[in-house]
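# got a predicted structure plus its sequence, pasted below:
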Amino acid sequence: MVVGSVLVTGGTGYIGSFTALALLEADYKVVIVDNLYNSSKEVLNRIELICGKKPAFYEADMTDEAALDKVFAEHPDIDSVIHFGALKAVGESGEIPLEYYRVNVGGSIALLRSMTKHNVTNIVFSSSATVYGDATRFPNMIPIPEHCPIGPTNPYGRTKSTVEAIITDHINAQRNNLTKKGEPGAEKWNAALLRYFNPSGAHPSGVIGENPLGVPYNLLPLLAQVAIGKREKLLVFGDDYASKDGTAIRDYIHVLDLSRGHLVALNYLREKSPGVKAWNLGSGRGSTVFEMIKAFSDVVGRPLAYEVAPRRAGDVLDLTANPTLANQELNWKTELTLEDACADLWKWTENNPEGYNQQPPKEFVDA
Ligand code: NAD
Ligand code: WQD
């Protein structure tokens, strides 16, 4: 029995593919729109290998409103969208900010316009802990609660806070306008703004994982490249922070916990009609860069080469979530550990050194 139909933008990407899988496993129908800018269609086969179902797929650009109209017209059963599609490299966003605003903000406006025309009323949005900027500028804001004032420090982060504001304004306007006109359905307009901390890990089967098409810039994918021999060493960006070992602190959350967070947030919107809500999705546990190197080295079974380098521009000391609101309201908390994320990432890397440009792991094909 299908419980609902969901459009997933950016659904062939890292977090989108895990969420598509979680939705299919929960008996949702899934329709993906992605232009494959940073992903591969092969992930659709891999999802099918794991759960026996394949999402519908449209290769289309999110900024193309007519293309989105066509998708909604062909799937009138869709009542909700999970919106991952975006450009996400913080450094690059400082070099080509207009492109980031065009895709991330322009694509979101096209999506909201198309949703509205087709009466698709629930949206779950991929926001980011980066909207908080440096929360250590306030007393008592680490771990970071949702009421911490936002203050992104780079164009990518500003696209996320801008889209949060646009979604909030649009959902509230839809609710107010329908109520004023005395028309039904105001309560159907809902949004979840999910602020993720540092997504990490892969599927424990080793069949799906993160597959960045260019050079990775995140810590764990870089460490995995060192471990598999594609990179000589990791550069540790700064050991002069005010932390226990001098390196910066982040809240690493397993991508399976994160994708489950999307499912529970979507169910909450559909069942409780709360209007607009923001939730942190993090573990509440902070780890330093040195602790991450140790955790990943332990899984690999040998030390991994690193060298301390200067701080990276724009980095902050500590981004650790206070996930209490999601714990209480969504009944969601992380279940997997950092060690699980490292073990699953290593299995994915060993099985798929070339990512999706190769056959799936043999034991899966034979199964
Ligand atoms: P990803 O790059 O793997 O996935 C994004 C997907 O969007 C890709 O498949 C890409 O091809 C697609 N896309 C890009 N531009 C598009 C366009 N114009 N039209 C259609 N599709 C387009 O990234 P991810 O790590 O899975 O991130 C998913 C979302 O979560 C993004 O919105 C990102 O900003 C957000 N986020 C990511 C992290 C992280 O560290 N990975 C943290 C917080 C928030
Ligand atoms: C983690 C820690 C680095 C690489 C970014 C975005 C954020 C979100 C998640 C999208 C930091 C250190 C890293 C390296 C290092 N994405 N590091 N050497 O910067 O916390 O967050 O990804 O929304 O918005 O800003 O993640 O994995 O790049 O870095 O020492 O080669 O590892 O300094 O302390 P970050 P990251």
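Done, it's in. Every value quoted in this text rests on a predicted model; they were computed, and no experiment measured them. Ligands and ions are numbered 1, 2, ... in the order given.
# how about low-confidence regions in the stretch 201-350 of the chain?
Regions of the stretch 201-350 of the chain meeting the criterion pLDDT under 70 are absent.
# can you pull out the helices in it?
Using DSSP state H, counting those that start in this stretch, the helices assigned to the stretch 201-350 of the chain run over residues 219-228, 255-272, 289-300, 324-329, 338-351.
# mind listing residues that contact the fourth one?
So the one you mean is helix 324-329. Under the contact criterion C-beta atoms under 8 Å, 6 or more residues apart in numbering, helix 324-329 has outside partners Pro145, Glu146, Gly261, Tyr268, Lys277, Trp279, Asn280, Leu281, Gly284, Trp332, Lys333. Just so you know, the C-beta spots here come from the backbone N, C-alpha and C atoms, and that holds for glycine as well.
# equivalent analysis for stretch 106-113, please.
Outside of stretch 106-113, the residues that reach it under the criterion C-beta under 8 Å, 6+ apart are 9, 61-65, 68, 81, 83, 85-86, 123, 125, 163, 166-167, 170.
# same check, this time on stretch 305-316
In this structure, residues lying in contact with stretch 305-316 by C-beta under 8 Å, 6+ apart are 90-91, 94, 133-136, 153-154, 226, 232-241, 248, 293.
# can you tell me which of these are buried?
Neighbour-count burial (16 or more other C-beta atoms under 10 Å) applied to these gives 90, 133-136, 153-154, 226, 234, 236-239, 241, 248, 293.
# from the contacts of stretch 305-316, which are also near ligand 2?
The subset of these lying close to ligand 2, counting by C-beta under 6 Å from any ligand atom, consists of Val90, Leu234, Leu235, Val236, Phe237, Ala248.
# so what's the fourth one bridging to?
Just to be clear, that refers to Val236. Beta-bridge pairing of Val236 under DSSP bridges involves Val308.
# if we can go back for a sec, mind giving me the PyMOL select for the contacts of stretch 106-113, buried ones only?
Filtering the contacts of stretch 106-113 down to the buried ones (16+ other C-beta under 10 Å) takes a single PyMOL command:
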select buried, resi 9+61+62+63+65+68+81+83+85+86+123+125+163+167+170
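# on that earlier part again, what's the closest of the helices of the stretch 201-350 of the chain to Asn140?
helix 324-329 (14.0 Å; C-beta to C-beta).
# give the buried residues for that closest one.
Along helix 324-329, the positions that meet the burial threshold by neighbour count (16+ other C-beta under 10 Å) are Leu325, Ala326.
# so who does Leu346 touch?
Actually, residue 346 is Trp. It isn't Leu. When contacts are counted by C-beta under 8 Å, 6+ apart, Trp346 is found next to Ala224, Ala227, Phe296, Val299, Val300.
# residues near Lys181, how many?
Summarising burial for Lys181: neighbours were counted as other C-beta atoms under 10 Å, giving 9.
# list the contacts for it?
Going by C-beta under 8 Å, 6+ apart, the list of residues near Lys181 is empty.
# which residues of the stretch 151-300 of the chain lie near ligand 1?
Those residues of the stretch 151-300 of the chain that sit near ligand 1, judged by C-beta under 6 Å from any ligand atom, are Tyr196, Pro199.
# switch the cut-off to 8 Å
Residues of the stretch 151-300 of the chain lying near ligand 1 by C-beta under 8 Å from any ligand atom: Tyr156, Lys160, Arg195, Tyr196, Phe197, Asn198, Pro199, Glu210, Asn211, Pro212, Asn218.
# wait, a strand at the third one?
Read that as Arg195. Yes. Read with DSSP: H, G, I helix; E, B strand; the rest coil, Arg195 is one of the residues of a strand.
# which non-adjacent residue is nearest it?
Using C-beta to C-beta, 6 or more residues apart in numbering and skipping the chain neighbours, the partner closest in space to Arg195 is Ser127 (4.7 Å).
# do the last one as well
Sequence neighbours aside, Asn198 is the residue nearest to Asn218 in space, at 7.5 Å (criterion: C-beta to C-beta, 6+ apart).
# might one say that the one you found is in contact with Val255?
No. With contacts defined as C-beta atoms under 8 Å, Asn198 does not count as touching Val255, sitting 10.4 Å away.
# more crowded one of these two?
Of the pair Asn198 and Val255, Val255 is the one with more neighbours under other C-beta under 10 Å, namely 25 against 22.
# contacts only, for that one.
The contact partners of Val255, by C-beta under 8 Å, 6+ apart, come to Tyr14, Ile15, Phe18, Pro199, Ser200, Gly201, Ala202, Glu210, Ala341.
# 6 Å - rerun?
Residues touching Val255, when contacts are defined by C-beta atoms under 6 Å, 6 or more residues apart in numbering, comprise Phe18, Pro199, Gly201.
# out of the residues you listed, which touch ligand 2?
Among the contacts of Val255, the residues within reach of ligand 2 (C-beta under 8 Å from any ligand atom) are Pro199.
# could I have the CA atoms of stretch 343-353 written out in PDB?
The C-alpha coordinates for stretch 343-353 follow below in PDB (Å, rounded to 0.1, in the frame of the first residue of the first chain):
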ATOM      1  CA  ALA A 343      33.000   1.800   9.400                       C
ATOM      2  CA  ASP A 344      30.200   2.300   6.800                       C
ATOM      3  CA  LEU A 345      32.200   4.900   4.900                       C
ATOM      4  CA  TRP A 346      35.200   2.600   4.800                       C
ATOM      5  CA  LYS A 347      33.200  -0.300   3.500                       C
ATOM      6  CA  TRP A 348      31.600   1.900   0.800                       C
ATOM      7  CA  THR A 349      35.100   3.200  -0.200                       C
ATOM      8  CA  GLU A 350      36.700  -0.200  -0.300                       C
ATOM      9  CA  ASN A 351      33.800  -1.700  -2.300                       C
ATOM     10  CA  ASN A 352      33.500   1.300  -4.700                       C
ATOM     11  CA  PRO A 353      36.800   3.100  -5.100                       C
END
